[in-house]
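Q: here are the coordinates; sequence isn't available:
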């Protein structure tokens, strides 16, 4: 196990609806011997709301975090900044890419950063925790650390849209497999389904659990996802974004009423599932914070049969 | 020609004495005269040393204009000609001919471009006139130093090689053979016929592809003037226009071509009771045995043994029932690769295309969902000689009731190929018609634009519309098996914006056909290096001129025909093949090629043997004599590009008509005036 | 579990589970529902031809919108295109035609969820999502966005909060949103809110950064 430690950008949702994501992520990384140091005085990434108002300001917001990470880095060279929420991941990555170029915008932003005492030289690399788990810590290391495999629990991995769009940095854009490989490594059975990266409508909810004047449109997206996952036999949907998680989890009863299709499937963060397999306490993983949670008991025969044992 | 100490350069004498330069300034209507004061240029020219005549004309390139030059030459008033007009690319050849017609060497001519280089690019009239005068002054000084270059010719060998046995290659070979020329037709596959042999019917006439192709294939085989080499490829090409030496490799079939009659008894007798290996001819939709023939009318009708699949080759233990079954004793498992070297005067490249690999677009589900097919696979399904005997059935044996055809797969797409593949709209309409006719399915075509420009094509579109094929104008982003409603269960779903009615539609289908585009062959780069031609950025072979020279290349003697030059349909491929054959024929029948006069040459005395020039020559025209340690230029291949001249550190490499003196004197002429 | 039949509702969206529009009740509605019969031509005087350039100037790579071949791939892949009044493809066409007013009053940019599927699939690599953002920006500047529509209201709230404190507190944003768009929703969502509160997922305390002044100064310095 490496004694590495990464700069960690929580994002606004980690303290709110996505609290369990942060809890479980920190627990899992700690168990795997990797530190996550919360970036001090991080500010909001700007999400999707800010580019709707002012693109340069959106870049600046995100850039302040990139600059903070660079400043706090102990060693020279590239600085990894872990961003668990897909929305923040994209916003920060977009700013990172923009500042790798040249031109008026770059100068304006780096100038404004300097004016508040932050010099950014472009060393920060925004990374997703899944990228770190699969490509830095490694599937093998995780597999070795498993003490309570998931025993054939069927997991539909929901990657979300912003993980692979517009930048697909560590996984295939049309058919990503990182989460599925992690699920397999912890003893679960990955469910193959076609909606891995179809948007859940998260940004329409950004900022909180609101359904405003377009309930059908946004609920329809999550409804389609859950319907398909259930149809393919999933016991639980795994997510890697606080907003996606809340969307899929928070309105199942309303969807059932609205669309006449029963929705009752637990949605968990993949870090919670990994944490379970690593033997971490349920409470520490924030499982009690989920609005619905259960895992099926699988008979040995069912586990043996795998995909063919699906009802 | 060396400069004498401290004196002017001495112009060489022409057969008619010292230089008497005639300057002819063209008005080119108003193109030049509208900006440049032609009269002033003429007056100025008359004042220059050695200029005996200075005239102007409205259109120098016209007959009267050319007659001016010729008359002065005949009258002995001039023996060097300068024309100040358009660019050399336009009319250098014209004026050189005029000079020759007047009895003077055509190399005693120089052009000053005062249209493209002056009138068309200078804003102010006075500036333009001054610049024109300067260019004329340069040309006058230069032409005085031009040497006489005898036009040379090189003989052309009488035979022709056609590389590629698809419809284009076949047609070119037949045309040349009918003209009495001997043709070597080299085809990489075990049979000629190309892609066309795989189709069922061809648009817009719905002719059966095999019915119109096989007579030509038979004709090729039967023609006394065609040497048909299948299962062969070209491995080396040496030489130059009119005299190519080509080395061809023949791969072993393990069956003697001269004995096999194509009775196919051996295939039945093979120890494999059923096919086990992917049948490439059927696009992987069926399996074949290690011994096979691609299709019944394969030409030549000779079976082939797949060495990698055959038990005899893999283990040495097989009763070889195939040999037993052969009444002609045609088997020869000891066969090895053989080679032939032939000399030909011209080469026609007709190597065809490949289709876009649909697995590069995972969003369409090819390879993921079994009911997603490419158009070529469906051609095989429709073909009576194909894997399903002409039945349109899915991999599970069921018949599709609804079919979606997606246009522009891999084409018109910045992520894959930018170009339009030209034939896909038509073949998609054809497939729509055929599927509907065969099984009565509901057919939906999803397109961006409907491209039906050829003869009878728009009428074909009209016919298909009348038959009730649904046209949805909207490019499909992806195919899914997600069912959003009960009617979609168990189907593939195509979601597209029907831009014409202005609504997003979800259409459940049983079968998806991807209209894959046309791409260059994967080995196009290797092939082009072999034959010394170029490829465009998209990978198709480059023609000499897209409008006026579509079948020749920048390598004299190598011609192009068919889709290897760019996506095209069968009538165009055949037309191009005929054109390529005609141009090759012109070369062969003329019997000689005229060689570029201003070639490079190496001054032996100055050559230090550094070999810098050898590798730089893009036409492989420079060879190195290891004994003498001197480079020399093959003037037949040399195109006069000047790269070696520029690179030579010792100044040994020089170029006729572009010697240092000639170039420097032109510069001096310009500077002296300016 | 068996799938229950779909109940009829009052919504008029087309992209319903059954794929068919909601059945109209009674003949009376069929006969009285007709579009106004008036001249809907677009005359050159009403159109503003520089609009496409205006958008392109705001977006990196935006000039590629001139190369749009109107294939409709964006609408095909957009998960919300069926809910938009102007599909992404149509929006681009209208922008090019100079129908500035129609485009800026469209709800489409506010329905867009920024999933970038259109941008990825576009065969001309037009940055469509960024164009949607640009349209939002112009729409906010010129106050043409739909009234009391959730997305622009949320955008404003969000931006104000970040400007003030540097981080967003979901509970407070949600509250403001409900109050400013549809207060009755508050009652409907209350139970979920309470559950979240109990599970510690709805912080009441306002999140804030320390360097608030710095942030504000920086934002001011880069404002367009």
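A: That came in fine, so what should we check first? The structure displayed is predicted, hence computed values, not measured ones.
Q: Going by C-alpha atoms from here, please, whenever you check contacts or count neighbours.
A: OK.
Q: so residue B:84 touches residue B:116, yeah?
A: No - between residue B:84 and residue B:116 there is no contact under C-alpha atoms under 8 Å: 10.9 Å.
Q: between the two, who's got more neighbours?
A: Using other C-alpha atoms under 10 Å in any protein chain shown as the criterion, residue B:84 and residue B:116 rank with residue B:84 on top: 28 against 16.
Q: Would you double-check that the more buried one falls in a strand?
A: Yes - inclusion of residue B:84 in a strand is indicated when DSSP: H, G, I helix; E, B strand; the rest coil is applied.
Q: gap between it and residue B:71?
A: Distance of residue B:84 to residue B:71, computed by C-alpha to C-alpha, to the nearest Å: 18 Å.
Q: and what of residue B:625?
A: 48 Å.
Q: Show me which residues of the stretch 1-150 of chain A sit near chain C.
A: Proximity of the stretch 1-150 of chain A to chain C is confined to A:12-13, A:15-19, A:41-44, A:48-54, A:56-57, A:60-61, A:108-109, A:112-113, A:115-116 under the rule C-alpha under 8 Å from any C-alpha of the partner chain.
Q: Quick check on those: which are buried?
A: A:12-13, A:15-19, A:41-44, A:48-54, A:56-57, A:60-61, A:108-109, A:112-113 (16 or more other C-alpha atoms under 10 Å in any protein chain shown).
Q: Show me what residue of the stretch 101-250 of chain B gets nearest to chain A.
A: For the stretch 101-250 of chain B, the residue closest to chain A is residue B:195, as judged by C-alpha to the nearest C-alpha, at 31.4 Å.
Q: ok, and the closest non-adjacent residue to that residue?
A: Closest residue to residue B:195 in three dimensions, ignoring its sequence neighbours and counting by C-alpha to C-alpha, 6 or more residues apart in numbering or on different chains: residue B:166, at 6.8 Å.
Q: domain parsing for chain B?
A: Listed domain ranges for chain B are B:13-149, B:163-197+B:204-245+B:345-351+B:536-589, B:265-325, B:354-519, B:596-656 (source: automatic domain parsing).
Q: do you know how far residue B:356 is from residue B:562?
A: Separation of residue B:356 from residue B:562 (C-alpha to C-alpha) stands at 17 Å.
Q: Correction: the previous question concerned residue B:420.
A: 16 Å.
Q: So between those two, which is more surrounded?
A: Taking neighbours as other C-alpha under 10 Å, residue B:420 and residue B:562 compare with residue B:562 leading, 30 against 18.
Q: Could you verify my assumption that the more buried one touches residue B:168?
A: Yes - Residue B:562 is within contact range of residue B:168, at 5.4 Å (criterion: C-alpha under 8 Å).
Q: which residues are common contacts for those two?
A: Contact criterion C-alpha atoms under 8 Å, 6 or more residues apart in numbering or on different chains; residues bridging residue B:562 and residue B:168 by contacting each: B:350, B:573, B:574, B:576, B:577.
Q: Adding neighbour count, pLDDT and secondary structure, write the residues you listed out as CSV.
A: Putting these into CSV (neighbours: other C-alpha atoms under 10 Å in any protein chain shown; pLDDT from 0 to 100; DSSP: H, G, I helix; E, B strand; the rest coil) gives the following:
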residue, neighbour count, pLDDT, secondary structure
B:350, 29, 98, coil
B:573, 26, 98, helix
B:574, 21, 98, helix
B:576, 26, 98, helix
B:577, 29, 98, helix
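Q: Output those residues as CSV; include the columns distance to chain A.
A: Shown next, in CSV, are the shared contacts of residue B:562 and residue B:168 (distance: C-alpha to the nearest C-alpha, whole Å):
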residue, distance to chain A
B:350, 37
B:573, 37
B:574, 41
B:576, 41
B:577, 42
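Q: Can you tell me which of those residues is nearest residue C:65?
A: Nearest to residue C:65 among the shared contacts of residue B:562 and residue B:168, counting by C-alpha to C-alpha, is residue B:573 at 35.5 Å.
Q: Excluding sequence neighbours, find me the nearest residue to the closest one.
A: Nearest residue to residue B:573, sequence neighbours excluded (C-alpha to C-alpha, 6+ apart): residue B:562, at 4.2 Å.
Q: Roughly how far does that neighbour sit from residue B:348?
A: For residue B:562, the distance to residue B:348 - C-alpha to C-alpha - is 10 Å.
Q: Show me where chain B dips below the pLDDT cut-off.
A: For chain B, applying pLDDT under 70 flags the ranges B:1-17.
Q: same deal with the stretch 151-300 of chain A?
A: By pLDDT under 70, the low-scoring segments of the stretch 151-300 of chain A are A:203-214, A:298-300.
Q: Quick check: residues of it near chain B?
A: By C-alpha under 8 Å from any C-alpha, the residues of the stretch 151-300 of chain A that approach chain B are A:174, A:194, A:195, A:224, A:228.
Q: Spatially central residue in chain A, please.
A: residue A:240 (2.5 Å; C-alpha atoms, centre = their mean).
Q: Next: chain C.
A: Note on chain C: the residue nearest the mean C-alpha position is residue C:110, at 1.0 Å, using C-alpha atoms, centre = their mean.
Q: Setting aside sequence neighbours, what's the nearest residue to that residue?
A: Excluding its sequence neighbours, the residue lying closest to residue C:110 (C-alpha to C-alpha, 6+ apart) is residue C:151, at 5.7 Å.
Q: Does that neighbour touch residue C:112 like I think?
A: No - the pair residue C:151 / residue C:112 is not scored as a contact, 9.4 Å apart, by C-alpha under 8 Å.
Q: And the two? Which one has more around it.
A: Neighbours were counted for residue C:151 and for residue C:112 using other C-alpha under 10 Å; residue C:151 has more, 28 against 23.
Q: related to what we said a few turns ago, got TSV for the domains of chain B, with distance to residue B:663 too?
A: TSV is the format used below for the domains of chain B (distance: least, C-alpha to C-alpha, whole Å):
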stretch	distance to residue B:663
domain B:13-149	7
domain B:163-197+B:204-245+B:345-351+B:536-589	26
domain B:265-325	59
domain B:354-519	43
domain B:596-656	11
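Q: And the residue of the stretch 201-350 of chain B closest to chain A?
A: residue B:284 (24.5 Å).
Q: what helix or strand does that residue sit in?
A: Element membership of residue B:284, judged by DSSP states H and E, is empty: it is in no helix or strand.
Q: So which residues of the stretch 501-650 of chain B form strands?
A: Secondary structure of the stretch 501-650 of chain B, counting by DSSP state E, counting those that start in this stretch: strands at B:503-509, B:511-516, B:518-520, B:558-560, B:592-595, B:600-602, B:622-625, B:630-633.
Q: Just say which of the ones you listed is most tucked in.
A: Scoring the strands of the stretch 501-650 of chain B by mean neighbour count under mean count of other C-alpha atoms under 10 Å in any protein chain shown gives strand B:558-560 as the most buried, with a mean of 28.
Q: List the buried residues in stretch A:17-33.
A: By 16+ other C-alpha under 10 Å, the buried positions in stretch A:17-33 come out as A:17-29, A:31-32.
Q: That should have said stretch A:284-301, apologies.
A: Here stretch A:284-301 shows A:284, A:285, A:286, A:287, A:289, A:290, A:291 as buried, counting by 16+ other C-alpha under 10 Å.
Q: Can you give the distance of that stretch from its chain's centre?
A: Relative to its chain's centre, stretch A:284-301 lies at 19 Å (C-alpha atoms, centre = their mean, to the nearest Å).
Q: Tell me where the stretch 1-150 of chain A has strands.
A: A:5-8, A:35-38, A:79-82, A:124-127.
Q: Would you reformat those as a markdown table and include distance to residue A:270?
A: Output for the strands of the stretch 1-150 of chain A, formatted as a markdown table (distance: least, C-alpha to C-alpha, whole Å):
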| stretch | distance to residue A:270 |
| --- | --- |
| strand A:5-8 | 18 |
| strand A:35-38 | 17 |
| strand A:79-82 | 16 |
| strand A:124-127 | 16 |
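Q: sorry, back to before: okay if I get the strands of the stretch 501-650 of chain B as JSON lines plus distance to chain C?
A: Putting the strands of the stretch 501-650 of chain B into JSON lines (distance: least, C-alpha to the nearest C-alpha, whole Å) gives the following:
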{"stretch": "strand B:503-509", "distance to chain C": "6"}
{"stretch": "strand B:511-516", "distance to chain C": "15"}
{"stretch": "strand B:518-520", "distance to chain C": "17"}
{"stretch": "strand B:558-560", "distance to chain C": "31"}
{"stretch": "strand B:592-595", "distance to chain C": "46"}
{"stretch": "strand B:600-602", "distance to chain C": "46"}
{"stretch": "strand B:622-625", "distance to chain C": "45"}
{"stretch": "strand B:630-633", "distance to chain C": "48"}
